[in-house]
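Asker: pasted the sequence and its predicted model underneath.
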Amino acid sequence: MVTSDFTPDEERLIEAEFEALLDDYLHSMHSQRIELITRAYHLAKQAHNGVRRLSGEPYIMHPLSVARIVVKEIGLGSTSICAALLHDVVEDTDYTVDDIRHQFGDKIASIVEGLTKLSGGVFADKAMKQAENVRKLVLTMSEDIRVMLVKLADRLHNMRTLAAQRPEKQRKIAAETQYIYAPMAHRLGLFPIKSELENLSFKYEYPEQYAEIEAKLRANKDTQMDSFESFAAPIRRKLTMMGYDFKLYARTKTVYSVYKKMVKKGIPFEQIYDLLAARIVFEPSSDFSEKDQCWMIYSAITEIYRPHPERIRDWISMPKANGYEALHVTVMGQNGQWIEVQIRTKRMHELAEHGLAAHWRYKTGENSGGELDKWLKEIKDVLANPDPDAIAFLDTFKLNLFAHEVFVFTPKGDIRTLAQGATVLDLAYQLHTELGEHCIGANVNRSARPLSYILQSGDQVEILTSKKQKPEPEWLEIAVTAKAKDNIKKYFKKTNGLIAALQRDETTQSRVAKIHIQGADKFGVLMNILNIICNEHKANLRELHVTSDNGMFVCNLELVVFKQKVVSQICMKLRAIPSINAVDVVAMN
């Protein structure tokens with residue numbers, strides 16, 4: 001028997017958390033394997049006996065909390081719960097992966113081993129090291145997606161308890177979370193986790209702005225809820241008359257989403273009117289399809305309120321790449337303000353809340369995984385490249401991770417989903433590698449377009465080919481998606497005919513620009529700078545140093561870019577920011 005190094009009160013707290021974990025598990029849809037979870041708990045408790053977190057609480061509370069997130073907020077089962085309980089055992093104690101394998105089998109040991117490999121942070125002092133860390137993370141994820149799902153649960157609990165860390169550590173962890181983990185949660189369809197990670201990251205990166213917006217949201221809460229109840233009442237009556245089993249509730253914008261809108265629109269808090277949205281989740285009947293019933297509810301709502309003709313989003317006919325399905329409509333409420341209403345079935349809601357875990361649960365056949373499976377396959381295809389340039393890999397992965405989607409149609413009416421900004425060449429490679437290699441352009445909406453044409457949602461695209469056509473090095477500048485870029489590189493390596501040209505092109509991708517910026521220290525200016533660099537131009541930010549004094553700021557940064565013209569474009573946009581006085585390129589290596 002192991003003697004506890006914790007107080008009786010702490011022991012009761014630990015046992016209560018474990019009982020809460022079992023209760024969460026017993027209320028899940030998974031087969032019951034209580035004995036396995038209990039064994040994992042006892043091993044973890046023994047391994048972490050006497051160890052405390054910076055907050056002073058027993059360390060075992062962390063893996064217990066991560067396990068609860070895994071089952072309750074992501075919806076995973078006993079294998080992932082055990083891996084969550086054991087995820088720090090190999091890293092922090094004398095136990096080995098073989099010990100875990102001997103006691104719990106290959107699957108749990110494999111996930112624990114993957115999590116151990118990811119125990120360090122993603123951010124590093126050098127761009128190449130940072131890119132390699134991201135590549136390691138993605139490689140581990142591609143082997144078993146549950147590794148990433150447990151890692152997200154681990155990161156979420158660390159963010160929830162970040163107050164115990166030093167301020168500089170808080171900022172580093174928050175920036176890393178905003179940079180890679182929040183977008184990853186979004187890409188995997190875990191919307192509540194993505195929103196919370198973004199919000200907590202903003203709280204620690206910009207505490208003053210966070211506190212200011214949070215206070216204003218809190219002050220407006222009662223008024224907003226009264227307004228919502230008046231708006232919702234006639235919808236509730238109508239849907240009840242129609243015989244639906246449903247829930248209708250309010251969704252309030254997070255502090256971070258409010259901040260993003262303020263910066264994007266250049267407006268103060270007082271001019272943001274869509275702080276509330278409505279969500280309807282209903283149990284569909286067997287008489288009609290889910291899609292038909294969503295449109296019936298849409299029809300009922302628009303009989304009460306006037307819809308905005310340009311703000312209807314049908315994510316049922318064309319689900320997002322991360323599996324999201326819903327029907328969104330924006331209507332004018334009684335006070336003249338626009339309110340978005342999201343309409344979902346319970347199945348769609350489960351997919352939206354639990355992402356990939358729910359996606360697995362609802363799969364009915366080997367090929368029914370949709371865009372998520374395609375995305376994971378694309379990652380594996382890129383990783384299969386024996387020696388990819390780490391920074392080029394980071395660029396393509398970030399683009400595919402952060403990007404919104406566009407939907408285009410083939411001549412037969414099939415829907416294809418691509419990253420926003422994708423070109424005709426990207427679509428050709430998505431359809432088939434040989435189609436990409438011989439592509440000369442496309443008929444888009446019956447008009448001839450070149451390889452570089454950027455596709456828009458709703459385009460009907462017929463790819464045009466020629467047997468004489470072959471890939472050119474310039475195609476690496478045209479292609480946007482990781483799959484297209486990777487196949488172009490593979491072609492050059494396979495043919496050996498243009499390797500030198502390819503290497504010259506790769507060299508231009510790794511140029512380092514040092515930029516000096518100064519101006520007035522206005523609210524949101526740093527966010528504008530980062531948006532131009534990282535989102536609009538997909539440049540890899542290697543270093544960033546900012547100082548502020550007497551209302552003025554100085555920013556020195558280093559970027560890894562494709563070509564010098566990209567630096568010129570970035571500088572031109574930075575100079576257009578009203579509060580910036582000077583932008584100078586001080587070095588280009």
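Answerer: Received it, and whenever you're ready, just let me know what you need.

Asker: show me the contacts for residue 86.
Answerer: By CB atoms under 8 Å, 6 or more residues apart in numbering, the residues touching residue 86 are 40, 43-44, 63, 100, 104, 108, 112. The way it works is simple: take the backbone N, C-alpha and C, and place the C-beta from them, glycine included.

Asker: please repeat the previous calculation with a cut-off of 7 Å.
Answerer: Contacts here follow CB atoms under 7 Å, 6 or more residues apart in numbering; on that basis residue 86 touches 40, 43-44, 100, 112.

Asker: try residue 104
Answerer: 40, 82.

Asker: I'd like the distance between it and residue 46.
Answerer: Look at residue 104 and residue 46: by CB to CB, to the nearest Å, they are 14 Å apart.

Asker: now swap in residue 292 and tell me
Answerer: With CB to CB as the criterion, residue 292 and residue 46 are 56 Å apart.

Asker: the two: who's more crowded?
Answerer: residue 46 (14 against 11; other CB atoms under 10 Å).

Asker: tell me the secondary structure at the more buried one.
Answerer: Under DSSP: H, G, I helix; E, B strand; the rest coil, residue 46 falls in the helix class.

Asker: now swap in residue 413 and tell me
Answerer: Applying three-state DSSP to residue 413 yields a three-state assignment of coil.

Asker: what's the answer for the one 4 residues further on, then?
Answerer: Following three-state DSSP, the label given to residue 417 is strand.

Asker: residue 177: what's it in contact with?
Answerer: 155, 159, 197, 201.

Asker: check for me that it belongs to a strand.
Answerer: No: counting by three-state DSSP, residue 177 is not part of a strand but helix.

Asker: give me the pLDDT for it.
Answerer: On the pLDDT scale, residue 177 is placed at 87.

Asker: now it. Nearest residue, chain neighbours left out?
Answerer: Using CB to CB, 6 or more residues apart in numbering and skipping the chain neighbours, the partner closest in space to residue 177 is residue 201 (4.7 Å).

Asker: isn't that neighbour up against residue 178?
Answerer: Yes: contact criterion CB atoms under 7 Å: residue 201 and residue 178 qualify, at 4.0 Å.

Asker: backbone dihedrals for the residue nearest the centre of the chain, please?
Answerer: Taking CA atoms, centre = their mean, the centroid of the chain lies closest to residue 183, which sits 2.3 Å from it. The phi/psi pair for residue 183 (degrees, to the nearest 10) reads phi -60, psi -30.

Asker: next one: residue 426 from residue 492, what distance?
Answerer: 18 Å.

Asker: of the two, which one has the most company?
Answerer: residue 426 (26 against 21).

Asker: and the more buried one, what does it touch?
Answerer: 418, 479-481, 484.

Asker: tell me where the stretch 451-589 of the chain has strands.
Answerer: Secondary structure of the stretch 451-589 of the chain by DSSP state E, counting those that start in this stretch: the strands cover 461-465, 511-520, 540-549, 552-561, 580-588.

Asker: ok, the chain next?
Answerer: 245-252, 276-283, 307-314, 327-332, 338-345, 405-409, 415-419, 439-444, 447-449, 461-465, 511-520, 540-549, 552-561, 580-588 (DSSP state E).

Asker: mind checking these for the one nearest to residue 207?
Answerer: Counting by CB to CB, residue 207 lies closest to strand 540-549 out of those; the figure is 14.6 Å.

Asker: give the buried residues for that closest one.
Answerer: 540-542 (16 or more other CB atoms under 10 Å).

Asker: what is the mean pLDDT for that strand?
Answerer: 81.

Asker: please apply the same query to stretch 260-276.
Answerer: Per-residue pLDDT over stretch 260-276 has a mean of 82.

Asker: distance between the ends of that stretch?
Answerer: 15 Å (CA to CA, to the nearest Å).
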